[in-house]
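*Asks:* take a look and give me a structure for this.
(one chain, ligands or ions: 1)
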Amino acid sequence: MGKALIIGAGGVASVCIHKCCQNPDVFEEICIASRTKSKCDALKEKLDGGKTKISTAQVNADNVDELIALINQFKPDVVINLALPYQDLTIMDACLATKVNYVDTANYEPLDTAKFEYSWQWAYRERFEKAGITALLGSGFDPGVTGVFSAYAMKHQFDEINYIDILDCNAGDHGYPFATNFNPEINIREVSAKGSYIEDGKWVETEPMEIKRVYNFPEIGEKDMYLLHHEELESLALNIKGIKRIRFFMTFGQSYLTHLKCLENVGMTSIEPIDFEGKKIVPLQFLKAVLPDPASLGPRTVGKTNIGCIFIGKKDGKEKTYYLYNVCDHQECFKEVGSQAISYTTGVPAMIGAAMLLTGKWNKPGVHNIEEFDPDPFMDALNQFGLPWKESFHPDLVE
Ligand code: NDP
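*Replies:* The predicted structure follows:
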């Protein structure tokens, strides 16, 4: 049916590529392009021989001209950005110049400020619309499936949704005292930032990890979770009718938090460059270099993830609660695609989002967050491609 250019060859890209190859009628041809071409070639070698035709390329995604040249040469129908949030705008620029659809899993973040919000990408709305192409923002799990869950709840269960709590639990154990499950630099920037949530249309800011709750997760049990700022809060508060409060919680074990505090206290999580032996280095980038590569955690991670949304709202004038979630097993993911569940739960929705555009099931020129599209075909595809969802009408609520 079509051609996808996949940028990035890390943990999430690897899963997405495996999944494209499981869906060859839609992904007839893919090109894997990244900074380090050997990683693209290794993925091609692993997956070649199926129905999906695979090629590879080297590209610096910070450079718009290089991206344009690659797009003009490969002529994809969609570009799937699985590099880092720093590259979102250059890749969107290249898509605009070549009139190709765009998909990503994380919103733009400037390299020198640990701040993420949609304003930079939403500023492209008119230009994408005029060019007749679609940018699908945030097609991972959170953001991503959490937005699809919200759209599905709104469409089928509620007249209005007043409260959403997004709960992200990773109960996996990789056996290291400290490691991150996706890109360490992006992960640590996210969790060491101030927390925030939206109440009555306004952002309420908290100190990092200030708000803690304990939740009894289905199929996992009780875990400590902490309120974080997260990008989908911003778009869901606008796109879901009736929102009074929306929060995001993520679980962390005590060992992770103790190590993080210690690293923060000694300055290792700073993104301010420092002089080191005559060179400028960024402490957090150095820390990334010494931490385990998230892609290497697959074989040693056991346990499950449970990510979902609890909705409280009204249907036919009556208050109602509804919980939609997915449980994913790290070892099952590893058996299937050689990756742990965090990469898996992001890479599968990235493939599905691109498939929605390639098949024309989603077609809305402009720049859109995922909850702005019809959730039904995406929900079906989640069941089909390894992320089945479950629902409950009487969940425990978060205080
Ligand atoms: P990795 O660090 O494993 O992979 C990133 C890849 O991008 C690497 O192959 C890297 O190349 C490549 N890359 C980085 N900079 C450039 C550049 N300038 N030009 C070309 N290629 C580049 O990250 P993950 O796979 O863990 O994460 C990928 C994305 O997914 C991130 O944006 C992350 O925020 C997002 N994510 C989203 C989630 C969600 O649920 N929505 C959850 C988890 C992650 P090299 O190999 O040379 O370093």
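
*Asks:* and the closest residue to the ligand within the stretch 201-350 of the chain, how many residues sit next to it?
*Replies:* Closest to the ligand within the stretch 201-350 of the chain is Thr346: 4.0 Å, counting by C-beta to the nearest ligand atom. Any C-beta I mention is one placed from the backbone N, CA and C, and that applies to glycine too. Thr346 is flanked by 27 other residues according to other C-beta atoms under 10 Å.

*Asks:* now do Asn72 against the ligand, distance only.
*Replies:* 17 Å (C-beta to the nearest ligand atom, to the nearest Å).

*Asks:* any idea which element that residue lies in?
*Replies:* helix 64-74 (DSSP states H and E).

*Asks:* which parts of this protein are helices?
*Replies:* 11-21, 37-47, 64-74, 88-98, 119-122, 125-131, 145-156, 184-191, 232-239, 254-265, 283-290, 330-337, 341-358, 376-384 (DSSP state H).

*Asks:* adding mean pLDDT, write these out as TSV.
*Replies:* What follows is the helices of the chain, written out as TSV (pLDDT from 0 to 100):
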stretch	mean pLDDT
helix 11-21	97
helix 37-47	98
helix 64-74	98
helix 88-98	98
helix 119-122	96
helix 125-131	98
helix 145-156	98
helix 184-191	84
helix 232-239	97
helix 254-265	91
helix 283-290	93
helix 330-337	97
helix 341-358	97
helix 376-384	98
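
*Asks:* with distance to Glu222 as added columns, please give those helices in CSV.
*Replies:* Shown next, in CSV, are these (distance: least, C-beta to C-beta, whole Å):
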stretch, distance to Glu222
helix 11-21, 28
helix 37-47, 38
helix 64-74, 46
helix 88-98, 37
helix 119-122, 37
helix 125-131, 43
helix 145-156, 22
helix 184-191, 21
helix 232-239, 25
helix 254-265, 14
helix 283-290, 31
helix 330-337, 19
helix 341-358, 20
helix 376-384, 26
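
*Asks:* nearest to Phe248, out of those helices?
*Replies:* Proximity to Phe248 (C-beta to C-beta) singles out helix 232-239 among those, at 6.0 Å.

*Asks:* re the thing from before, just the buried residues of the helix holding Asn72, please?
*Replies:* The neighbour-count check on helix 64-74 (16 or more other C-beta atoms under 10 Å) flags 64, 66-68, 70-71, 74 as buried.

*Asks:* equivalent analysis for stretch 50-66, please.
*Replies:* Buried residues in stretch 50-66, counted by 16+ other C-beta under 10 Å: 52, 54, 56-57, 59, 61-62, 64, 66.

*Asks:* what parts of the stretch 51-200 of the chain come near the ligand?
*Replies:* Residues of the stretch 51-200 of the chain lying near the ligand by C-beta under 6 Å from any ligand atom: 59-62, 82-85, 87, 105-106, 140-144, 182-183, 186.

*Asks:* for ChimeraX, write the selection for the buried entries among the residues you listed.
*Replies:* Filtering those down to the buried ones (16+ other C-beta under 10 Å) takes a single ChimeraX command:
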select :59,61,62,82,83,84,85,87,105,106,140,141,142,143,144,182,183,186
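
*Asks:* Phe182 against Pro294, yeah?
*Replies:* Yes - counting by C-beta atoms under 8 Å, Phe182 does reach Pro294; the two are 5.3 Å apart.

*Asks:* identify the contacts common to the two.
*Replies:* Overlap of the contact sets of Phe182 and Pro294 (by C-beta atoms under 8 Å, 6 or more residues apart in numbering) consists of 11, 342-343.

*Asks:* and the ligand, which of the residues you listed contact it?
*Replies:* Filtering the shared contacts of Phe182 and Pro294 for proximity to the ligand by C-beta under 6 Å from any ligand atom leaves 11, 342.

*Asks:* show me which of the shared contacts of Phe182 and Pro294 are buried.
*Replies:* 11, 342-343.

*Asks:* before we move on, back to that, how far away is the closest residue to the residue of the stretch 201-350 of the chain closest to the ligand other than its chain neighbours from Val290?
*Replies:* Distance criterion C-beta to C-beta, 6 or more residues apart in numbering; nearest residue to Thr346, sequence neighbours excluded, is Gly140 at 4.0 Å. Distance from Gly140 to Val290, counting by C-beta to C-beta, to the nearest Å: 26 Å.

*Asks:* quick check: Ser270 touching Leu284?
*Replies:* Yes - here Ser270 reaches Leu284: they are 6.3 Å apart, a contact under C-beta under 8 Å.

*Asks:* more neighbours: which of these two?
*Replies:* Using other C-beta under 10 Å as the criterion, Ser270 and Leu284 rank with Leu284 on top: 21 against 16.

*Asks:* what about the more buried one, distance to Tyr197?
*Replies:* When Leu284 is compared with Tyr197 (using C-beta to C-beta), they lie 25 Å apart.

*Asks:* and if you look at Glu391?
*Replies:* In terms of C-beta to C-beta, Glu391 sits 24 Å off from Tyr197.

*Asks:* and these two? which has more neighbours close in?
*Replies:* Tyr197 (22 against 15).

*Asks:* the single nearest residue of the stretch 51-200 of the chain relative to the ligand pairs with what?
*Replies:* The ligand sits closest to Gly140 of the stretch 51-200 of the chain, with a gap of 2.3 Å, by C-beta to the nearest ligand atom. On the basis of DSSP bridges, Gly140 is bridged to Gly144.
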